[in-house]
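*Asks:* predicted model and sequence below, questions to follow.
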Amino acid sequence: MNGFVKSCALALAACLLAGCAPALPPQPTLDELLAEVNAAHQAIDNDGLKSEFILRKPVDESGEPVSASEINSYFTDIADLESFDPNLVLTQEQMIEDVTYLFDAIYSCYGNYDRMGGRAAFDAAEQAILKECAQHASLSAKEFQKLLVPHFSFVKDAHFQIHGQKTNPCWYPFFFREVAFYEDDGQYITENHKTVASVDGYDDLTELFKRSISPKGEIVYYPVLLKDRTTCDETLSIHYTDGSTQVLQCEPYDYQEQFENADQLAIPEVRYDNSIPILQVNAMQSQTDSDWYEGFQEGANILGGSPIGILDLRFNCGGQGAVVVEWLKNYAKTLVPSNSLFINAYSGKQMNSARDLWVSNDNILIILTSKWTASAAEWMIDTAYNLENVLIIGDNTSGEMVGSIAYVQLGNSKMIIGIGSRENIVPDTNDYFEEFRGFCPDLWVPADEAEELAVKLMENLGAVQAEGEAASPAA
């Protein structure tokens, strides 16, 4: 036995005698992470979406097509709406009038009418509501709203709203981060080398454990649960292969306050975090707002010319979808098609290029998301899925993609009803998107930590130098 082999054998024997633990699974390289995420993004198949489109052709009682002017007559400018008085007392007759008007408007104006069940579903809802109204001589406007909402649970469209209330609950993320887990061939291992054997109530560990980022910038896995409410008191009982059990507590969901304090009209302006340019966009405004649009597109040029750029959509509830296409075109220097099909249900006019086309990109674009990332901001994510080297980091998004919104006001209660004329068709492969749940991020982290942890990840993977570190001496 030569000296080197002998020394290795002695070191191994000493390690075994001392009880040395095996090494943790190695961290993926940046190239390995991007390759895995790119493959998942490329796997989305949007073939055949156009065949799912249903052209809307509402007709009147005589069988004649409802005119465009009649359809438009239902809509109102939200800026001119009268204030809603929740304490206003409505008679039974007034409620019936509002219900009749509401369902006439839905039939005439709602682009997703047929996709949500058509006449059978909506007529059944109308009759059920009228039957319930007949049980009340009067109700306050707020009570009337509460009566209406449950009857529309079959409408899986987050833009469809009864005076600001959605027809179904949104799904919020709850993180269990007391212990970081490292993944190795489908097994989840703690830093202390304890391997998860099972978790009470959860058979599929790959669904429970989500890829995340540790405070040190490592890729780790944490359990994450989605709940249809903003509170969760559930615990997780983790059983390890050594026979021990650990009970984990979830963290509260508390991002709403940050969102409510954000300036939705802020002009986008690039700032830097450890040399990485960050563009925070709090709403998708119109091109007619020249200052906003200039800042938005200048940000695309700066991020597109940088090895790494961060687009912060955590406070962005949507707006104008058309500006999304232009931003990504400026960023990538070529048109990036969407996965989903955005189309006017009445004219059949397509609003975007929806193709299964992969666009090469040498740089890295990180998109930060929260549960408040919605509508046109989700259109941005849907399109960015076709761009190479995009990492989505944060919470799952709002889940407001399949419809659009315009406003109808009921004459007696003055309630505002959100009814859109667009029919958006989203791919249903690979658990891509779900209304009210949204897009799932590539790396799950609480939204308020998303920027900090994204930068830490880039530092840990060697994409940027950690601030405060001395540069390596020249060779």
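*Replies:* Yep, it's here.

*Asks:* S398 versus F315, what's the distance?
*Replies:* F315 sits 12 Å away from S398, going by Cβ to Cβ, to the nearest Å. For every residue, glycine as well, the C-beta is placed using N, CA and C.

*Asks:* so between the two, which is more surrounded?
*Replies:* Just comparing F315 and S398: by other Cβ atoms under 10 Å the higher neighbour count belongs to S398, 27 against 24.

*Asks:* is it true that the more buried one touches T373?
*Replies:* Yes: between S398 and T373 there is a contact at 5.9 Å, judged by Cβ atoms under 8 Å.

*Asks:* what bridges to W444?
*Replies:* Bridge pairing for W444 (DSSP bridges) gives the partners G394.

*Asks:* help me confirm that it comes into contact with S212.
*Replies:* Yes: contact status for W444 versus S212: in contact at 5.0 Å, counting by Cβ under 8 Å.

*Asks:* which neighbours do these two have in common?
*Replies:* F175, Y222, V224 (Cβ atoms under 8 Å, 6 or more residues apart in numbering).

*Asks:* between these, which is closest to G63?
*Replies:* V224 (52.5 Å; Cβ to Cβ).

*Asks:* quick check: next helix or strand after the helix or strand that D31 is a member of?
*Replies:* Element membership for D31 (DSSP states H and E) is helix 30-42. Next helix or strand after helix 30-42 toward the C-terminus (DSSP H and E): helix 68-73.

*Asks:* what comes into contact with that next one?
*Replies:* With Cβ under 8 Å, 6+ apart, helix 68-73 has contacts from P58, S108, C109, Y346, S421.

*Asks:* which one of the residues you listed is nearest K50?
*Replies:* Looking across those and measuring by Cβ to Cβ, the closest to K50 is Y346, at 16.1 Å.

*Asks:* ok, the closest one - contacts?
*Replies:* Neighbours of Y346 in contact, by Cβ under 8 Å, 6+ apart: L55, R56, A68, I71, G111, S421.

*Asks:* same check, this time on Q27
*Replies:* E218, I219, N460, L461.

*Asks:* can we see that at 10 Å?
*Replies:* Q27 is in contact with L33, Y182, G217, E218, I219, V220, N460, L461, counting by Cβ atoms under 10 Å, 6 or more residues apart in numbering.

*Asks:* and the end-to-end length of stretch 336-355?
*Replies:* One end of stretch 336-355 sits 9 Å from the other (Cα to Cα, to the nearest Å).

*Asks:* what comes up buried for that stretch?
*Replies:* 336-346, 351-352, 354-355 (16 or more other Cβ atoms under 10 Å).

*Asks:* out of the residues you listed, list just those in strands.
*Replies:* If you go by DSSP state E, the buried residues of stretch 336-355 have L341, F342, I343, N344 in strands.

*Asks:* which residues do F315 and S398 both contact?
*Replies:* Common neighbours of F315 and S398 (Cβ under 10 Å, 6+ apart) are S370, W372, T373, A377.

*Asks:* so where do the helices sit in the stretch 101-250 of the chain?
*Replies:* In the stretch 101-250 of the chain, the helices defined using DSSP state H, counting those that start in this stretch lie at 118-133, 141-148, 205-208.

*Asks:* I'm done for today, thanks for sticking with me.
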